[in-house]
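Enquirer: Got a sequence here, can you build the structure:
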Amino acid sequence: MCRSILHLAFTLVLAGSACAGDWNQWRGNDRSGLAVDSPPLIDSLPDEGLVPAWTSEPVKSARSGGWGSPSVVGERVYLFTHEKEQLFDPGKKKYPWLAPSKRGGMTDEEYAEYEKKRRDEDEARGKAFAFRERVYCFDAETGQTVWVSRSESVYTRFPQSGSPTVVDGRIYILGAGRQARCLDAATGEDLWTTRIPGEFRDEFYQSSILVADGVAIVAATNLFGLDVQTGEILWRIDEKNSRTTHSSPVSWDSGNGEFVVINFAGGQTACIDPHDGRELWRVKSEGGLSTPVVVGNRLITYGNSRQKGVRCFALNTQEPELLWHFRGLQDKGSSPVVVDGHLFVQGEKRLACIDVETGDREWTGFLDLASPQFTSLIAADGKVFYAYDGLVCFRATPEGFEPLIEAKFDAAGRMATEEYFRGELNLDAIEKEENGLEKALRLYQKHVGKHGPLKCATPAIADGRMYVRMNDALVCYDLRASR
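Expert: Got it, this is the predicted structure:
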């Protein structure tokens, strides 16, 4: 009796739309990367750094569990993983991935044949592993595991890595093998599973499901609309020129209804009616794997080359108007964020601030990182965060690049400056020894350098707490200025 009452109470808490302080899906409540309602956050780290508020139970990541980002609703944090467990030794690879510099003058035809053999080999090697999907539910205050949903899965070339979308007490995820799933957010109980039509061999889809006006929008080769209550397929768009990518769709409140905006392959962005799949318009945006950003009546797309760059359109239901095109930045999948009329973009080692109305560059900054890519910017309390290897936080101002936090992490999850860790490891003294620089570097890499946020994943930030996926766990940091 009591358990039923508690379940009902929790379900009622989740029953409405996401609260302003939540982060209920990929890139936050409106998929813009901005936590609109945030308490004041710290402007700098304490001298001794920050220790985690909590660390979850072990969670597999990257090639063994994916790169999905967490979602936060009320007192719960959700995370999806696509895991593998080795059953027997698959042996040494005959056809490893080859970087362009290692292709030894291969012709395009020779490399295509090599890639075909590599795919066949990877698929055969997949039989040496068992694949499973997990949806974790953690307590947002303590990190304790509330429940875990486990299901058998299949091999894909890369692990599925979408983020849970939590709406009206239900969780929506796109699993491997083209399986769209809906779970009860309170219990983890499976409510429905729909196999999305289409061929499947080993394809992976990193897009996160969008819920728009009672329809679950699923991007899996083509675009599908599913009934959120039953999983029934309401419509599909399967034209050859409407193939989806790993970019996630976003919603646009036009003032005359809610519509879906999505990047299709070939650098096209389209507006879709979520009720019937009808296309309202399509533009050549050159948007890549980045998620489009919709702020008011502005659409911002980001390409994967400097020539394609960043574009801003004025939205309407007929045909968007290109307002400006900023060249000089590119990234394979990073999504930008808008704060107070200014766009902040990361492209490889570059950062830029762009005026949304004019497209003028306000400033350019640089990241002291080896090869940042895919991870997206997020923002809260007038600050922008980027988590890759370490954590960079800078003020969201057009006045200039103003770093506030430049942190690294140790094995225990402590977030502190490089100077703090150098002191703790006594590196200054070690470097004076014979072969000291080499010794110091090894020591630093062991205790600090190889730790930190999971590369290519993006944190969530809700109510002043940042939830960061590490290589082996989910970690929460309390960034509130007053605690």
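Enquirer: Enumerate every residue touching the nearest residue to Y420 once chain neighbours are set aside.
Expert: Among residues not flanking Y420 along the chain, G49 sits closest, at 5.7 Å (C-beta to C-beta, 6 or more residues apart in numbering). In short, each C-beta sits where N, CA and C put it, glycine included. For G49, the contact set (C-beta atoms under 8 Å, 6 or more residues apart in numbering) comprises 407, 414-417, 420.
Enquirer: Next, format the residues you listed as CSV and append distance to H451 and secondary structure.
Expert: Formatted as CSV, the contacts of G49 follow (distance: C-beta to C-beta, whole Å; DSSP: H, G, I helix; E, B strand; the rest coil):
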residue, distance to H451, secondary structure
A407, 11, strand
R414, 9, coil
M415, 10, strand
A416, 12, strand
T417, 15, coil
Y420, 14, helix
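Enquirer: ok, back up a step: quick check on the residue nearest to Y420: phi, psi?
Expert: Here is the backbone geometry of G49 (degrees, to the nearest 10): phi 80, psi -170.
Enquirer: Look at it and report its pLDDT.
Expert: Per-residue confidence at G49 stands at 97 (pLDDT).
Enquirer: Which single one of the contacts of G49 is nearest to G104?
Expert: A407 (40.8 Å; C-beta to C-beta).
Enquirer: need the contact list for that closest one.
Expert: Counted by C-beta under 8 Å, 6+ apart, A407 has contacts 45, 49, 390-392, 415-417.
Enquirer: Taking the residues you listed together, which two end up most distant?
Expert: Across the contacts of A407 (C-beta to C-beta), the longest gap, 14.8 Å, separates G49 and V392.
Enquirer: how about the strands in the stretch 151-300 of the chain?
Expert: For the stretch 151-300 of the chain, applying DSSP state E, counting those that start in this stretch gives strands covering 165-167, 170-175, 179-184, 190-195, 210-212, 215-220, 222-227, 233-237, 250-253, 258-264, 268-272, 279-284, 293-295, 298-302.
Enquirer: Just the C-alphas of the third one, formatted as CSV.
Expert: Going back to what we said before, that points to strand 179-184. Taking C-alpha atoms only, strand 179-184 is exported to CSV below (Å, rounded to 0.1, in the frame of the first residue of the first chain):
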residue,chain,number,x,y,z
GLN,A,179,14.7,-0.3,-31.3
ALA,A,180,12.9,2.7,-30.0
ARG,A,181,12.0,2.2,-26.3
CYS,A,182,9.8,3.8,-23.7
LEU,A,183,10.3,3.2,-19.9
ASP,A,184,8.5,4.3,-16.8
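Enquirer: Go through stretch 290-310 and flag the buried ones.
Expert: Within stretch 290-310, the residues that count as buried by 16 or more other C-beta atoms under 10 Å are 290-295, 298-304, 308-310.
Enquirer: where's that stretch relative to the chain centroid, distance-wise?
Expert: How far stretch 290-310 lies from its chain's middle: 16 Å, per C-alpha atoms, centre = their mean, to the nearest Å.
Enquirer: next one: stretch 367-376
Expert: Distance, centroid of stretch 367-376 to centroid of chain: 14 Å (C-alpha atoms, centre = their mean).
Enquirer: In the chain, where's the longest helix?
Expert: In the chain, with assignment by DSSP state H, the single longest helix is helix 108-125.
Enquirer: tell me which residues of that one are tucked away?
Expert: By neighbour count on 16+ other C-beta under 10 Å, the buried set for helix 108-125 is 118, 121-122.
Enquirer: And stretch 343-359, by the same measure?
Expert: Using 16+ other C-beta under 10 Å as the test for burial, stretch 343-359 gives 343-348, 350-356, 359.
Enquirer: any idea of the pLDDT on R483?
Expert: Predicted confidence (pLDDT) at R483: the value is 76.
Enquirer: Just list the residues touching it, thanks.
Expert: With contacts taken as C-beta under 8 Å, 6+ apart, R483 has no neighbouring residues.
Enquirer: do the same with I173
Expert: The neighbourhood of I173, defined by C-beta under 8 Å, 6+ apart, consists of 80, 135, 162, 164-165, 180-181, 183, 209.
Enquirer: Distance to A473 added to the residues you listed, as JSON lines?
Expert: Output for these, formatted as JSON lines (distance: C-beta to C-beta, whole Å):
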{"residue": "F80", "distance to A473": "15"}
{"residue": "V135", "distance to A473": "16"}
{"residue": "G162", "distance to A473": "20"}
{"residue": "P164", "distance to A473": "17"}
{"residue": "T165", "distance to A473": "23"}
{"residue": "A180", "distance to A473": "27"}
{"residue": "R181", "distance to A473": "24"}
{"residue": "L183", "distance to A473": "22"}
{"residue": "I209", "distance to A473": "25"}
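Enquirer: Now, of those, which are buried?
Expert: Using 16+ other C-beta under 10 Å, the buried ones in the contacts of I173 are 80, 135, 162, 164-165, 180-181, 183, 209.
Enquirer: And those, which is closest to E434?
Expert: Scanning these for proximity to E434, where the rule is C-beta to C-beta, the winner is F80, at 49.7 Å.
Enquirer: ok, the closest one - contacts?
Expert: F80 is in contact with 66, 68, 133-136, 160, 162-164, 173, counting by C-beta under 8 Å, 6+ apart.
Enquirer: give me the beta-bridge partners of it?
Expert: Here F80 shows beta-bridge partners V135, assigned using DSSP bridges.
Enquirer: Now flag whichever of the contacts of G49 is closest to V337.
Expert: So of those, ranked by how close each gets to V337 (C-beta to C-beta), first place is A407, at 19.3 Å.
Enquirer: first vs last residue of stretch 124-142, how far apart are they?
Expert: Distance across stretch 124-142, first residue to last, is 42 Å (C-alpha to C-alpha, to the nearest Å).
Enquirer: phi, psi of S149?
Expert: Per degrees, to the nearest 10, the backbone of S149 is at phi -90, psi 120.
Enquirer: What about it, how many residues nearby?
Expert: S149 has 20 neighbours, counted by other C-beta atoms under 10 Å.
Enquirer: what's it in contact with, if anything?
Expert: 134-135, 183, 188-190.
Enquirer: at 6 Å what do you get?
Expert: In this structure, S149 makes contact with 135, 183, 188, judged by C-beta atoms under 6 Å, 6 or more residues apart in numbering.
Enquirer: Name whatever forms a beta bridge with it.
Expert: Applying DSSP bridges to S149, the residues it is bridged with are V135.
Enquirer: Against Y95, how distant is it?
Expert: Separation of S149 from Y95 (C-beta to C-beta, to the nearest Å): 35 Å.
Enquirer: Check D472 too.
Expert: Distance from D472 to Y95, by C-beta to C-beta: 29 Å.
Enquirer: These two: who's more crowded?
Expert: Comparing D472 with Y95 by other C-beta under 10 Å, the one with more neighbours is D472, at 19 against 14.
Enquirer: Many thanks, we can stop here.
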